[in-house]
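A.B. asks: Please find the sequence and the predicted model below.
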Amino acid sequence: MTHATAGPGMRRVLGRMGRCVLSYVLLHVAVWTVIALVVPDPSFLGSMQVGLLMLAFTGIPTVLLAIVAGLAHQHMEVARFRALLAFPMVFFAFPLIGAATAEPLVLQVMAQVAFAVWLMPTPLVPENWAESCPSAGRATDDTS
């Protein structure tokens, strides 16, 4: 057995991690652009700066949770894994409770759920999940 067939392929796993980071950052920028347009703040640039600051409070913990959980869990249905991760990811949006309006909190919570349920590449290491997952043929969300 060669080394290439024995492991999941580091390039493939790193590619999925990169996709995880990129998809969250793009989602975060899109959501904060909408927030900057919706919230009655006179400064669009000021709202975008707050969004950049919130990337540190919501984005970094969310992406770290997705990557660590994706690498750690091996024997779980993908839908169940996504649902279980959506719950703690919502808590990372709670620094927005003190916002003057409700829109930033509501839109950020929706973004956290959308990332967990739809955008997060799962599983990060498909070869580890395929061994015991009863739906291994449909468990991966892409074929890369």
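C.D. replies: Everything's here; your move.

A.B. asks: Quick check: mean pLDDT of the top helix by length along the chain?
C.D. replies: Scanning the chain for the longest helix, with DSSP state H as the assignment, gives helix 10-38. Mean pLDDT, helix 10-38: 92.

A.B. asks: Show me what that helix is packed up against.
C.D. replies: helix 44-54, helix 60-72, helix 103-114 (3 or more Cβ pairs under 8 Å, 6 or more residues apart in numbering; DSSP states H and E). Heads up, the C-betas are built off the backbone N, CA and C, glycines and all.

A.B. asks: got the angle for it vs helix 60-72?
C.D. replies: Relative orientation of helix 10-38 versus helix 60-72 (axes from the mean of the first three to the mean of the last three Cα atoms, to 10 degrees): 150 degrees.

A.B. asks: how far does helix 10-38 sit from the chain's center?
C.D. replies: With Cα atoms, centre = their mean, to the nearest Å as the basis, the distance from the averaged C-alpha position of helix 10-38 to the chain average is 7 Å.

A.B. asks: Okay then, goodbye and thanks.
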